[in-house]
Every structure is written in C-alpha cells, then in structure tokens.
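*Asks:* Below is the sequence, then the predicted model.
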Amino acid sequence: MASVRNGYRERLVLAVDVGSTVLRCHVYNQACDVIGRIQVLNNHHGCAELDPETLWQQFVGVVEGAVRDAGIQLTQVASLGISTQRATFINWNNISKDHFHSFLKPD
C-alpha cells in the first residue's frame, strides 16, 4: 500500500462501475494493481426509475470507501474513470441545482 515511491507521491486512478445491481470502486496504483476496493448492492434492482440524489450518495460512498480501504488521501487521485450502462443523462436547474427528472433505466 505504499503511496510514496522514491520521495514522489504516487499518482492513483479510481475506477467506478455503476451497474444495475452493484456499484463498485477500485483504486489502482501506477503498476495497475488494485490497492483498494469496495462494492455495494444497488438498492434499485428491477426498478426503471432511479433517484439521482440516492445514486449520487451511493457513488460518493463507494469512492470514500475505496479510498479508505486503500489507506490513501483523495488528493493522491490523478484520474477517475466511470462505467455505466447505456446513455443516461439528467437535466437540472442551473440556479437551484434541483434535478428535473429521475434516471430512467428500462431493463
């Protein structure tokens, strides 16, 4: 779990997979080794409509959990990759930041 090599802080990558049943996050070091991970069951299995705020809280939770599991600081992360199903998007009010609709994900 060394995060410092030869006096230089190691640059790490987070990968988040947003699946239909599982939300997972891995932390990779420069050698592409997984140094931290977490996965949680998605509460939305079988649903066609997902609340964006709930999904966001789950996303933040897996990122924080994987960072904690790796024993690193979030400032060490140089890049983030996100994998999702289909082309999902959301519209929101630019002033209030409220979303206009839920995600629709028919299976």
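*Replies:* Happy to help now that I have it.
*Asks:* what helix or strand is Val27 on?
*Replies:* Counting by DSSP states H and E, the element that carries Val27 is strand 22-28.
*Asks:* Which residue ranges of the chain form strands?
*Replies:* Along the chain, the segments classed as strands by DSSP state E run 4-5, 8-9, 12-18, 22-28, 34-41, 49-50, 77-83, 103-104.
*Asks:* Mind listing what's buried along the fifth one?
*Replies:* Right, the one you point to is strand 34-41. Applying a neighbour-count criterion of 16 or more other C-beta atoms under 10 Å, one finds 35-38 buried in strand 34-41. In this view, the C-beta of every residue, glycine as well, is placed from N, C-alpha and C.
*Asks:* which residues are in contact with that strand?
*Replies:* Applying C-beta atoms under 8 Å, 6 or more residues apart in numbering, the external contacts of strand 34-41 come out as 1, 12, 21-29, 58, 61-62, 65-72.
*Asks:* Distance-wise, check the residue nearest the centre of the chain relative to Phe100.
*Replies:* The residue lying closest to the centre of the chain (C-alpha atoms, centre = their mean) is Val16, at 3.9 Å. Going from Val16 to Phe100 by C-beta to C-beta, to the nearest Å gives 24 Å.
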